[in-house]
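In: Need coordinates for the below:
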Amino acid sequence: MASATTTLALRKPATTDTVDVTTDLNTPFDTIDDQFSKGSDVASATSITVPDESYFDITGTTTITAFSTENAGITKMVQFDGACQLTHNSSSFNLPTGANITTAAGDRALFRSEGSGNWRCMWFQKATGAALKIADNSIDSDAYVDGSIDAAHIAADAVTAAKIGDDVIDSEHYVDGSIDTAHLANDAVTAAKIGDDVIDSEHYVDGSIDTAHIANDAVSLAKLASGTDGELITWDASGDPATVAVGTATHVLTSNGAGAAPTFQSAAGGGKLKQHTFVEGSSGGISTSSDSYVDITDMKTTLTTTGGNLVARLTMNIDCDNSGTYFYVAFQLDAASEEGEISLQAGSNGETHCITLIYTFTSVSSAEHVVDARWHTSSSNSLDCDNNERYMELMEVST
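Out: Below you'll find the predicted structure:
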């Protein structure tokens with residue numbers, strides 16, 4: 001009666017059996033041949049159905065926890081084409097080191113069936129050549145990736161003074177306030193080490209700030225000591241600081257000559273501004289080529305006086321087209337004759353003159369008065385004044 005082999009389950013005819021070519025020869029030979037062939041790639045899954053062939057690739061990234069049931073002794077060579085997790089189980093899926101393994105493309109492993117769906121990984125070879133588990137005390141510094149040892153992997157109190165390089169501790173490593181005077185070398189705090197705006201009055205020796213240490217213009221009003229309202233600062237005959245006593249209302253500060261401090265005294269007699277008016281030129285330019293007096297456009301002002309003196313003031317820029325040209329400027333009160341005349345001669349073509357004319361009409365009556373500014377040229381040459389370059393004011397002052 002026929003039986004079967006233990007591992008490959010090949011049919012073994014009895015000596016009295018008739019040999020069947022397909023059953024007893026072809027099928028066993030195919031099974032034996034499979035042990036030397038590569039099977040189709042198998043996608044990763046929770047449980048891998050292993051092919052008949054002796055080696056195959058596993059693709060994908062799904063976690064693998066088991067292989068399908070095969071007779072004890074069957075071995076399968078596997079190559080992993082991607083990153084997936086192999087989950088260790090001491091009975092059904094026993095892995096080297098007794099821990100889960102995350103594969104990488106190119107990793108290889110040999111699995112042997114122990115029957116009843118149990119498999120053992122006989123060896124696992126990483127594509128990089130690295131070991132799955134490293135022996136104790138066998139890793140040296142040349143095996144670490146630069147910067148790979150972070151704080152979480154350094155034991156407490158493991159970094160001793162001997163392990164710290166020279167000149168590598170910076171201020172960011174110190175606890176705030178931890179550097180006390182005992183840790184400062186003599187003369188170590190130079191000017192460059194003192195922060196801006198940190199030295200206060202408590203740090204100065206009394207009287208140590210002399211003139212040489214006070215910057216120019218550093219003593220502002222806010223830095224002066226309080227004094228008496230109305231007093232003024234001066235210097236006495238010895239050159240020492242002193243104050244001018246408070247004066248009486250309406251008194252004025254009066255010099256008492258060299259060697260004496262000024263004092264407040266009654267004001268001497270004099271005129272007083274009673275009222276004031278002014279006009280400005282329009283935005284456009286003006287010109288004249290008249291050989292006799294004509295009004296300067298916009299330079300007319302009116303003031304109703306209470307009796308006294310009228311002071312007229314004119315400021316304007318005058319351009320002369322031709323060199324050697326004489327021009328004249330004057331005031332006219334209430335259409336009377338021109339007064340306060342000034343005359344100038346142009347030195348070159350297009351020369352600009354800035355003139356200011358001030359004239360006092362004395363003892364005018366109490367009435368409305370009109371004052372005009374007037375000008376003329378010589379030999380019919382042109383005079384010009386651009387844009388807003390003219391201004392006139394009229395003031396009444398007491399006699």
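In: wait, residue 339 sits on residue 329?
Out: No - if you go by CB atoms under 8 Å, residue 339 and residue 329 don't touch, sitting 11.4 Å apart. Using the backbone N, CA and C atoms, a C-beta is placed for each residue, glycine as well.
In: and this structure, what are its domains?
Out: Using automatic domain parsing, the domain parsing of the chain gives 3-34, 42-125, 273-397.
In: want to throw those domains into TSV with mean pLDDT, mean neighbour count and distance to residue 140?
Out: Converted to TSV, the domains of the chain look like this (pLDDT from 0 to 100; neighbours: other CB atoms under 10 Å; distance: least, CB to CB, whole Å):
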stretch	mean pLDDT	mean neighbour count	distance to residue 140
domain 3-34	59	12	45
domain 42-125	95	17	21
domain 273-397	89	16	89
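In: could you dump those domains to a markdown table with distance to residue 230?
Out: Listed next are these as a markdown table, based on distance: least, CB to CB, whole Å:
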| stretch | distance to residue 230 |
| --- | --- |
| domain 3-34 | 121 |
| domain 42-125 | 92 |
| domain 273-397 | 25 |
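In: Looking at those domains, which is nearest to residue 249?
Out: domain 273-397 (19.6 Å; CB to CB).
In: quick one: the helices in this structure?
Out: 27-34 (DSSP state H).
In: wait, which of the domains of the chain is closest to residue 191?
Out: Across these, closest to residue 191 is domain 273-397 (CB to CB), at 53.5 Å.
In: Give me the distance between the two termini of that closest one.
Out: One end of domain 273-397 to the other measures 4 Å (CA to CA, to the nearest Å).
In: now do stretch 102-115
Out: First-to-last residue span, stretch 102-115, CA to CA: 25 Å.
In: Check stretch 216-232 too.
Out: Rule used - CA to CA; the end-to-end distance of stretch 216-232 is 22 Å.
In: can you check stretch 280-293 too?
Out: Terminal-residue distance, stretch 280-293 (CA to CA): 20 Å.
In: Residues touching that stretch, excluding its own?
Out: 294, 296-299, 316, 328, 330, 332, 338, 374-391 (CB atoms under 8 Å, 6 or more residues apart in numbering).
In: go on, stretch 321-338?
Out: 293, 296, 310, 312, 314, 318, 320, 339-351, 355, 357, 359, 361, 364, 369-379, 381-384.
In: and residue 79, bridged to which residues?
Out: Beta-bridge pairing of residue 79 under DSSP bridges involves residue 57, residue 108.
In: my guess is residue 83 contacts residue 102, does it?
Out: Yes - counting by CB under 8 Å, residue 102 is a contact partner of residue 83 at 6.3 Å.
In: pLDDT score assigned to the residue most central in space within the chain?
Out: Closest to where the C-alpha atoms of the chain average out (CA atoms, centre = their mean) is residue 196, at 20.4 Å. As predicted, residue 196 sits at a pLDDT of 87.
In: Run through the strands of the stretch 101-250 of the chain in chain order.
Out: 101-102, 108-113, 119-125, 232-235, 241-244 (DSSP state E, counting those that start in this stretch).
In: Is it possible to get TSV of those strands that adds distance to residue 153?
Out: Putting the strands of the stretch 101-250 of the chain into TSV (distance: least, CB to CB, whole Å) gives the following:
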stretch	distance to residue 153
strand 101-102	19
strand 108-113	29
strand 119-125	25
strand 232-235	73
strand 241-244	72
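In: Which one, of these, ends up nearest to residue 305?
Out: Nearest of those (CB to CB): strand 232-235, 37.3 Å.
In: Give the burial count for residue 242, as a bare number.
Out: By the criterion of other CB atoms under 10 Å, residue 242 has 15 neighbours.
In: Please give me every residue in contact with it.
Out: 233, 234, 235, 236, 261.
In: which residue packs closest to it, ignoring adjacent ones?
Out: Spatial nearest neighbour of residue 242, chain neighbours left out: residue 236 (4.3 Å); criterion: CB to CB, 6 or more residues apart in numbering.
In: Next one: the one you found from residue 251, what distance?
Out: Distance of residue 236 to residue 251, computed by CB to CB, to the nearest Å: 21 Å.
In: now residue 64
Out: Residue 64 sits 110 Å away from residue 251, going by CB to CB.
In: What of residue 113?
Out: Distance from residue 113 to residue 251, by CB to CB: 124 Å.
In: Extract the CA atoms of stretch 312-324 and return them as PDB.
Out: This file holds the C-alpha atoms of stretch 312-324, laid out as PDB (Å, rounded to 0.1, in the frame of the first residue of the first chain):
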ATOM      1  CA  ALA A 312       4.700 150.500   6.200                       C
ATOM      2  CA  ARG A 313       6.900 147.500   5.300                       C
ATOM      3  CA  LEU A 314       7.300 145.900   1.900                       C
ATOM      4  CA  THR A 315       9.400 142.900   1.000                       C
ATOM      5  CA  MET A 316       9.600 141.600  -2.600                       C
ATOM      6  CA  ASN A 317      11.800 140.000  -5.200                       C
ATOM      7  CA  ILE A 318      12.300 142.100  -8.400                       C
ATOM      8  CA  ASP A 319      13.800 140.700 -11.600                       C
ATOM      9  CA  CYS A 320      15.500 143.200 -14.100                       C
ATOM     10  CA  ASP A 321      15.700 142.200 -17.700                       C
ATOM     11  CA  ASN A 322      18.600 144.400 -18.700                       C
ATOM     12  CA  SER A 323      21.800 145.300 -17.000                       C
ATOM     13  CA  GLY A 324      22.200 148.900 -15.900                       C
END
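In: Fine by me, we can end here.
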